[in-house]
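In: okay, sequence plus prediction incoming.
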Amino acid sequence: MATMKKMKTMNSSYSRGCMQAYFLLTLSLSASISAALNSETACLGCPLNADENSPYAKYKNWEDAPASWEEYGHDNDESVCGVPRLTVEQWEKGKYWQKNKPVIVMNVTEHWPAVEHWKKQEMLKRYFDAEATMGEARLLGETGPDDAGHTLTPTTVGTFITQHMYDPLKYFFDRKLRAPQGMLDDCHPYPQPTRAYLEDEMAYAIEAPSHKMKVDPRDDIWRDHLAISIGKDLTGLSFHHHGPAWNVVIFGAKRWILWDHNRFKNNMTRQMRIVRQLDDAELADRVPPSDVRSHVLSSPEWIKYLYPSPERQEEIRAHGHDCIQRAGEMMFVPRRWMHSVINIGDTVSVISEVGHAKGEGKTEEDFNYDPYESSDDEQEDVNDEGLSTEEKIRRRGPPPQWLCADQNPNHPACIFCARNPYNPVCGDGFRDEESSDDSFDE
């Protein structure tokens, strides 16, 4: 009996000891978290093995990180940029979103709570667990962020910033983000015409002029859509185009290469010559082999290796723009204008695009499919194993213009025919019937 009583006493003491240890540990963890949230030196959410020299621990503020101004910045000389700079009042009074010309609007974030709430450490405190996705910017430019499939990885705002942001192959740009209401409120007042939708859902309802059949005008109006982009220096989407959109930089800066849609619509040959290298030989004497991962160059690679070509500079400066957008400014990109974007320094921005509604988040299926897999079910009986691209086109027929111009211009068949427009297998759709004065002599 004495032994059993002694064991009960020992068990009771052990239990009390465990509870006390657990309580002390909880207090210790709470104190550590509290200290991390309020410390100027703590790296909230950083990888456990991040040392003091890690970029995740070193750059406490967006402004602390490196910015490639010397190599990629410029002073927006009129001959290079040429985009009108407007006040918010001029933008709204002139309804410039209805015009087919890019503009920069100044001081858009002047009254936005995001200027304070989205400072790096403050964003981590407020929105660490907000959902996000990340992927390689070069690939997101190819497929579009909505259709990137398994090239995307789900994450959170906080995890991306503290563990992935300085990985050169990781970029956060999500048009379907289910942003917390607080993040949306931080960007009020929204720029027009997005703001008008909150007051009257049919304020700017119009039918898309490009449609050949009657459509629901709500598919082509500015709605309550807001996408978020966060990326380090020299990240950004490669050449792509879409519907009219505005992009507001809250922290950092962006360099934009914009190209008029009228110069490449119905002319895939010109499009591919400007935004892609002509062939491997064009890059052979300029690009270290380790810098080129595929036929698609990243935005910095395009500027560094292809843009110096006199023909490309002449085309962009005569029929496009090369501009720097700074914090607080909004860039308006018209419908189908081709554009490539590069962050200069750690950059945070928000985007709204016509026809899109407030994000509802991605589903599991959004991450599971292959964005490069052909959807041509009628050709499933063709065994393409070991066939060249030319032979595949010979069997299937030329790639349709809608595929190459809009959905997947980087499809191997599109690239083959853009580079070989007079090959009989490609038909007539890729031939440049205009004067040869525009051709490249490289």
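Out: Arrived safely, thanks for sending.

In: give me the distance between the nearest residue to Asn107 once chain neighbours are set aside and Ser349.
Out: Of all residues not flanking Asn107 in the chain, Gly328 sits nearest, at 5.7 Å (C-beta to C-beta, 6 or more residues apart in numbering). For every residue, glycine as well, the C-beta is placed using N, CA and C. Relative to Ser349, Gly328 is positioned 11 Å away (C-beta to C-beta, to the nearest Å).

In: now the strands for the stretch 151-300 of the chain?
Out: Ranges of strands within the stretch 151-300 of the chain are 153-156, 172-174, 227-231, 245-259, based on DSSP state E, counting those that start in this stretch.

In: using TSV, lay out the ones you listed together with mean pLDDT, distance to Glu78 and mean neighbour count.
Out: Converted to TSV, these look like this (pLDDT from 0 to 100; distance: least, C-beta to C-beta, whole Å; neighbours: other C-beta atoms under 10 Å):
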stretch	mean pLDDT	distance to Glu78	mean neighbour count
strand 153-156	86	41	16
strand 172-174	78	30	26
strand 227-231	92	28	25
strand 245-259	97	15	23
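
In: distance to Arg396 added to the ones you listed, as a markdown table?
Out: Converted to a markdown table, the strands of the stretch 151-300 of the chain look like this (distance: least, C-beta to C-beta, whole Å):
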| stretch | distance to Arg396 |
| --- | --- |
| strand 153-156 | 33 |
| strand 172-174 | 33 |
| strand 227-231 | 35 |
| strand 245-259 | 30 |
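
In: how long is stretch 316-330 end to end?
Out: With C-alpha to C-alpha, to the nearest Å applied, stretch 316-330 spans 21 Å between its terminal residues.

In: can you pull the buried residues of that stretch?
Out: The neighbour-count check on stretch 316-330 (16 or more other C-beta atoms under 10 Å) flags Ile316, Gly320, His321, Asp322, Cys323, Ile324, Gln325, Ala327, Gly328, Glu329, Met330 as buried.

In: which one of those is nearest to Gly158?
Out: Ala327 (21.8 Å; C-beta to C-beta).

In: burial of Pro310, as a residue count?
Out: When counting by other C-beta atoms under 10 Å, one arrives at 10 neighbours for Pro310.

In: re earlier: for Asp129, see how far away the residue nearest to Asn107 is.
Out: Gly328 sits 28 Å away from Asp129 when distances are taken as C-beta to C-beta.

In: with Ser54 instead?
Out: 22 Å.

In: still on that earlier bit, hey, what's in contact with both of Gly328 and Ser349?
Out: Val249, Ile250 (C-beta atoms under 8 Å, 6 or more residues apart in numbering).

In: so where's this structure uncertain?
Out: Across the chain, residues meeting the criterion (pLDDT under 70) sit at 1-51, 138-151, 175, 202-220, 277-296, 358-386, 395, 400-403, 405-410, 428-442.

In: so for Ile257, what's the nearest residue that isn't a sequence neighbour?
Out: Nearest residue to Ile257, sequence neighbours excluded (C-beta to C-beta, 6+ apart): Ser340, at 4.5 Å.

In: tell me the helix or strand right after the helix or strand where that neighbour lies.
Out: Using DSSP states H and E, Ser340 sits within strand 338-353. In the C-terminal direction, the helix or strand that comes right after strand 338-353 (DSSP H and E) is helix 389-396.

In: CA-only coordinates of that next one in PDB, if you can.
Out: Output in PDB follows, covering the C-alpha atoms of helix 389-396 (Å, rounded to 0.1, in the frame of the first residue of the first chain):
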ATOM      1  CA  THR A 389       7.500  19.400 -85.300                       C
ATOM      2  CA  GLU A 390       7.300  19.700 -89.000                       C
ATOM      3  CA  GLU A 391       6.000  16.200 -89.400                       C
ATOM      4  CA  LYS A 392       3.400  16.700 -86.700                       C
ATOM      5  CA  ILE A 393       2.200  19.800 -88.500                       C
ATOM      6  CA  ARG A 394       2.100  17.900 -91.800                       C
ATOM      7  CA  ARG A 395      -0.200  15.300 -90.100                       C
ATOM      8  CA  ARG A 396      -2.400  17.600 -88.100                       C
END
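
In: which of the residues in it are buried?
Out: Thr389, Lys392, Ile393, Arg396.

In: before we move on, the earlier item: got JSON lines for the buried residues of stretch 316-330, with secondary structure too?
Out: Shown next, in JSON lines, are the buried residues of stretch 316-330 (DSSP: H, G, I helix; E, B strand; the rest coil):
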{"residue": "Ile316", "secondary structure": "helix"}
{"residue": "Gly320", "secondary structure": "strand"}
{"residue": "His321", "secondary structure": "strand"}
{"residue": "Asp322", "secondary structure": "strand"}
{"residue": "Cys323", "secondary structure": "strand"}
{"residue": "Ile324", "secondary structure": "strand"}
{"residue": "Gln325", "secondary structure": "strand"}
{"residue": "Ala327", "secondary structure": "coil"}
{"residue": "Gly328", "secondary structure": "coil"}
{"residue": "Glu329", "secondary structure": "coil"}
{"residue": "Met330", "secondary structure": "strand"}
